[in-house]
Each structure stands twice: as C-alpha cells, then as structure tokens.
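Participant: one predicted model, sequence on top.
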Amino acid sequence: MLNRGECAMTLNRHVDLIVVGGGAAGLAAARAAEDAGMRCQLFEAQDQLGGRVRTRVLTTGEVVDEGAQMINGDMQAMLDLAREANETIVPLSKAGIGLCVLEDKFLRFEELIDIDDVHDLLSEQIVRWDSPREILRALHLKLKWWSTPWESVGEAKRGVQHLLDLPDSPKNSLAGALRALLLEEEEHVLARSYFTETFGAALEDLHIQTVREAFERYPSERDDLEFHFAGGMGKVLQHLATGLCHTPKLNAPVSRVRTVDDHVEVITGDQTWTAGAVVVAVPPPAARNITFETEDAGEIAPLLSSFSAGDMIKTTLQFDKAFWRFKGNSGAAVFADVPGLAVVDGSGANPAAASLITFLGGPLARDWAALPADKRQDSLLQNLARVFGEDVLHPRTVTEAIWVDDPWCGGGYNATIRVGGDPDAIGKLASRKGRVRFAGAEVSDRFWGYVEGAIHSGRSTIETLCSDGTLRVGSKPSDIHLESEAGSPT
C-alpha cells in the first residue's frame, strides 16, 4: 500500500490509473486505487473538487450546501466518511403538516395518494418489450386491472377516456406512463410536479426506463431526506481527497482519451499522460465533451448521447426563527400548479439556524434561470408566501445555485435517459470492459442518482479493474515516449 504521508509525484506523466472528474465518484475511485497500491492521477476541469457537491461558507460563518446535501440512515458510505472526517450528522425535522398546493387549494399529503404507491404503480406500467417474460407480466397485470371492479365512477370514466383519447405523450415517456395510472386529477398534477422536480426534466422527454432504474437501484425503505452535515457535504467529500498521493490537478479539463496498444493516452491542455486504464467519472452529458479514440468509440457516443442533463435551481433561505413550525407546518410543500417546485425544512435541531430549502426542477427552472436574479427571487418568495405567509418574504440570507447548462456537470440533480435514447444506456456504460471505464451516480447499481451511489460506483469500478486483470499495478506501457514535468525526455 502507498504511504500517503511520504509519497511524492513521479517526474514522468505515466501512472497506473487516470481518473477524469473530481466529484464523489472520481474521488472515491482515486482513493480506492491508491489503497490498492496504484499510482493514480485525478484531473478536474473546475477550480475545486466536489462536482455537484458544492459547500459555501457565508460571510456570517453559516454553511450552505449549494448542491447535494441530504442522506438517509442506510447510506453507509456517507455515514462512514462523516465519522472518519469527524463531521456532525444533523437530523432534519419532519414534524408538522406537509402540503400540496394547487391554486387556491391546500391539501395535506395524507389526503392524497402516497408517492411510494405511485412508484409501485409505475413499476407495473414499465414494460421491456424485448423481454417475453416482461410482456407476459404486463398482460397479466392488464387482465387483472380490467377484471378488478372500478373503485369509483370517476375511475371508470377516466379509464374509458384514456382509451378514447389520442396519445398526447411519447409511448415510452414518464408522462405517458403516469397518465395510464388513471389517478384523480389532483393526484395526477401532484405526481407530475414531484417527478419533474425529482428528475429535473419534462416528463414527456424522460424515458420511463430511467424511472425504473431509479426505483430498482434504491435499496432502502427510508426517506432520502433524513440527515445533513453540520459542516456541509463538501467537507465530508474533502476527506476523500485528503492525503491522496498525487495531488488532484484542477482547471485541467480532459479533451481526448485514446487507447494505444497496452495503455491509454489522456490529453489535458498541452499535456499527454499515459496509464494502464482510465475511469471517466463525470456525468454523461459532460463526458460528451471528451473525444474518445477507442476501438468501440462508435458505441460510446450513442450511449452518452442517450442522456439529457437535468435542470435545477436550489435556493436556501435563512431566517431568525422557524416561524412555520409555530403554525404546525413541517416546512414541506409541493406546488402542483408550479410544476417542479418543492420546499423542505433544512433547519435541523438548531433553532438559530432556521432555513427553508427550495428546489425548482424541469422546464420552469430553465425559464427562471433566464430571468434577472431579483425577479427570480420575487417569484419564488411570492409562491412560498401562499403557504407560509408574509414572514417568508423577509429571509435573512438568500443563497441560490443554478444548475442549468453547467459547463462541467451538465445540470442537476442528474442526467436521465431521454425518449429516443438507448433504454439500456445505464447498464451498458456501467458494465463496459477494457481500459476505459465509466463511473458516477448515473451508472451506479446502488442508490442511483445519489452521492452514496457515486461513491459506490467509483469504488466498485476499481474493484472490477483489479479483479478482471485489466491493470497490472506498477507496470509501464511499452514503446512510448514519456516526458518529465519540465518537458524534457526521461
């Protein structure tokens, strides 16, 4: 194992492994590689590590996560890292009433269909038509559906209308699958807003396979918003970077990855690095900025093009007190009439750090991102005032992060498979063999789309590279010309 405290950067530009991307997956991969005895160099295009994890310390000393923030009690990798980093885990308050807002109606969450039930119903709707077993399952469910007595006259009317209406959404879209559930109108618009925020995309553009992958790769019965970190998630991820033998290179976007015989060449700026293998740990839309010159480059391009970046605006509003709790509100709300807008209480247990965190995902996020900041903030506060009253109009601080068309991350929270893309793109990228591998939240087989999933993906990619014999630790490629850091031949 490498000695983290004593090792120094090698003079030449050859290592065992190159990692592209300094987010959670890339950092986890680099750390795992060095723990396995590899010489590893990480390249990050931005001027800081973290990717879609970005923690900001305000002038007041308060910590705000502009990107990923929350975890649950089953996300063991994050819990372990927090313990190693001596970081405090803060439970989020869930007490009080959660509301769905639909014009002049304010409906409690418990009055509407549980979103977990919608997940289950959608899972039954998603059919892989290239699988005979799947087709038989779908036919069985349809037969059962038609033979079950209607729960109400309204459901019967919606069923007949659904059969008579011309399709208004692409066949394989989440919008089409959601309409086929025959939910009551209030529940339907609530579900649309919820999924628009969750995936940061128009449901008509979102391939239903993304939803299936997300459901199947969430191995927990717990809510995903149970805890956050007192010092921010960025502090926890920084622990992964601390002590890496080869210091990550920042402001170093990779433009080309080329396989040559028994090694890989990676070009960043005017430098060419070589390695036994490369782990590309950036979101698929960002990976499209890299030119791949590999034997199967023709297969990589359409897989990456199958993904579309999400659009998300996250805003943290801080107040002197959690006034919404005095009225019995939990701080949680979903706006069915402002598609993609949701809010949660981010205060934790500290009454002096009261905050509401809002998320606006999908097409409306893209529209709002084009507005002047003051108009965007006013629109947000006016909508929140419908639920929380005039007190919400006067936050102590407002911290906004726009994750739309981000040049290096694509967007937020994640990239999803678009209608017309390869429905198996997630699995195909994750299971690739050879010297160029992919890792990240989008291709993880556990906790898809979460930081926990990104860490798992980075680590498991290294395990696979070691176990399948792709890498021989410490070996140099044959017949290549290496240069020193000063540019002279070695």
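Facilitator: Nice, I can see it. Numbering: from 1, shown residues only.
Participant: which SSE is the residue nearest to residue 293 when sequence neighbours are not counted in?
Facilitator: Excluding the flanking residues, the one nearest residue 293 by C-beta to C-beta, 6 or more residues apart in numbering is residue 258, at 4.0 Å. Yep, even glycine has a C-beta here, placed from its N, CA and C like the rest. Using DSSP states H and E, residue 258 sits within strand 254-260.
Participant: spell out which residues make up each domain of this structure.
Facilitator: Here the domain parsing of the chain from automatic domain parsing is 14-51+234-308+420-467, 57-96+224-231+309-410, 115-216.
Participant: please enumerate the strands of the stretch 301-450 of the chain.
Facilitator: 307-309, 312-319, 329-335, 341-345, 354-361, 397-406, 410-411, 415-417, 436-438 (DSSP state E, counting those that start in this stretch).
Participant: mind putting these into JSON lines with mean neighbour count and distance to residue 111?
Facilitator: Converted to JSON lines, the strands of the stretch 301-450 of the chain look like this (neighbours: other C-beta atoms under 10 Å; distance: least, C-beta to C-beta, whole Å):
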{"stretch": "strand 307-309", "mean neighbour count": "26", "distance to residue 111": "34"}
{"stretch": "strand 312-319", "mean neighbour count": "23", "distance to residue 111": "27"}
{"stretch": "strand 329-335", "mean neighbour count": "24", "distance to residue 111": "13"}
{"stretch": "strand 341-345", "mean neighbour count": "24", "distance to residue 111": "17"}
{"stretch": "strand 354-361", "mean neighbour count": "24", "distance to residue 111": "22"}
{"stretch": "strand 397-406", "mean neighbour count": "18", "distance to residue 111": "32"}
{"stretch": "strand 410-411", "mean neighbour count": "26", "distance to residue 111": "33"}
{"stretch": "strand 415-417", "mean neighbour count": "28", "distance to residue 111": "30"}
{"stretch": "strand 436-438", "mean neighbour count": "25", "distance to residue 111": "43"}
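Participant: quickly, which of the ones you listed bottoms out on average pLDDT?
Facilitator: Taking each of the strands of the stretch 301-450 of the chain in turn, the lowest mean pLDDT turns up on strand 410-411, with a mean of 90.
Participant: show me what contacts residue 373?
Facilitator: By C-beta atoms under 8 Å, 6 or more residues apart in numbering, residue 373 lies in contact with residue 400.
Participant: hang on, the earlier thing: wait, the residue nearest to residue 293 touches residue 264, no?
Facilitator: Yes: at 6.9 Å, residue 258 counts as touching residue 264 under the criterion of C-beta atoms under 8 Å.
Participant: who's more crowded, those two?
Facilitator: Shown here are residue 258 and residue 264; by other C-beta atoms under 10 Å, residue 264 has more neighbours (23 against 18).
Participant: give me the beta-bridge partners of that one?
Facilitator: residue 259, residue 275 (DSSP bridges).
Participant: need the strands of the stretch 301-450 of the chain in TSV (columns: distance to residue 14).
Facilitator: As requested, those are arranged in TSV below (distance: least, C-beta to C-beta, whole Å):
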stretch	distance to residue 14
strand 307-309	32
strand 312-319	39
strand 329-335	52
strand 341-345	48
strand 354-361	43
strand 397-406	32
strand 410-411	30
strand 415-417	32
strand 436-438	17
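Participant: in a helix, residue 81, correct?
Facilitator: Yes: Residue 81: assigned to a helix according to DSSP: H, G, I helix; E, B strand; the rest coil.
Participant: show the model's pLDDT score for it.
Facilitator: 96.
Participant: just checking, which helix or strand of the protein averages the lowest pLDDT?
Facilitator: In the chain, the helix or strand scored least confidently by mean pLDDT, DSSP states H and E is helix 153-164, which has a mean of 44.
Participant: out of the strands of the stretch 301-450 of the chain, the one nearest residue 191 is which?
Facilitator: With C-beta to C-beta as the criterion, residue 191 lies closest to strand 329-335 of those, at 9.6 Å.
Participant: what is the closest one packed up against?
Facilitator: Strand 329-335 is packed against strand 97-102, helix 185-199, helix 323-326, strand 341-345, helix 373-388, with contacts defined by 3 or more C-beta pairs under 8 Å, 6 or more residues apart in numbering; DSSP states H and E.
Participant: ok, and what's touching that strand?
Facilitator: 93-101, 109, 190, 193-194, 197, 322, 324-325, 341-347, 356, 383, 387-388.
Participant: distance of residue 240 relative to residue 413?
Facilitator: Separation of residue 240 from residue 413 (C-beta to C-beta, to the nearest Å) stands at 20 Å.
Participant: try residue 16
Facilitator: As judged by C-beta to C-beta, residue 16 and residue 413 stand 32 Å apart.
Participant: how about residue 324?
Facilitator: Using C-beta to C-beta, residue 324 is found at 25 Å from residue 413.
Participant: these two - which one has more neighbours?
Facilitator: Shown here are residue 324 and residue 413; by other C-beta under 10 Å, residue 324 has more neighbours (26 against 22).
Participant: please name the residues that touch the more buried one.
Facilitator: Counting by C-beta under 8 Å, 6+ apart, residue 324 makes contact with 96, 330-331, 345, 356, 388, 391-392.
Participant: mind redoing it with 7 Å?
Facilitator: 331, 388 (C-beta atoms under 7 Å, 6 or more residues apart in numbering).
Participant: pLDDT score for it?
Facilitator: Confidence score, pLDDT, at residue 324: 95.
Participant: neighbours of the closest residue in space to residue 229 that isn't next to it in sequence, how many?
Facilitator: In space, and not counting its chain neighbours, residue 229 is closest to residue 87: 5.2 Å by C-beta to C-beta, 6+ apart. By the measure other C-beta under 10 Å, the count of residues near residue 87 is 19.
Participant: pretty sure residue 87 is touching residue 236, no?
Facilitator: Yes: using C-beta atoms under 7 Å, residue 87 is in contact with residue 236, at 5.4 Å.
Participant: between these two, which contacts overlap?
Facilitator: With C-beta under 7 Å, 6+ apart, residue 87 and residue 236 have common neighbours residue 229.
Participant: thinking again about what came up before, next SSE after the least confident helix or strand of the chain?
Facilitator: helix 174-179.
Participant: now do the contacts for residue 281.
Facilitator: 19-21, 23, 25-26, 29, 439-440, 458.
Participant: what would these look like in JSON lines with pLDDT, distance to residue 41 and neighbour count?
Facilitator: Listed next are these as JSON lines, based on pLDDT from 0 to 100; distance: C-beta to C-beta, whole Å; neighbours: other C-beta atoms under 10 Å:
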{"residue": "19", "pLDDT": "98", "distance to residue 41": "7", "neighbour count": "36"}
{"residue": "20", "pLDDT": "98", "distance to residue 41": "10", "neighbour count": "28"}
{"residue": "21", "pLDDT": "98", "distance to residue 41": "12", "neighbour count": "31"}
{"residue": "23", "pLDDT": "97", "distance to residue 41": "16", "neighbour count": "30"}
{"residue": "25", "pLDDT": "98", "distance to residue 41": "16", "neighbour count": "32"}
{"residue": "26", "pLDDT": "98", "distance to residue 41": "11", "neighbour count": "29"}
{"residue": "29", "pLDDT": "98", "distance to residue 41": "12", "neighbour count": "32"}
{"residue": "439", "pLDDT": "98", "distance to residue 41": "16", "neighbour count": "32"}
{"residue": "440", "pLDDT": "98", "distance to residue 41": "18", "neighbour count": "32"}
{"residue": "458", "pLDDT": "98", "distance to residue 41": "15", "neighbour count": "30"}
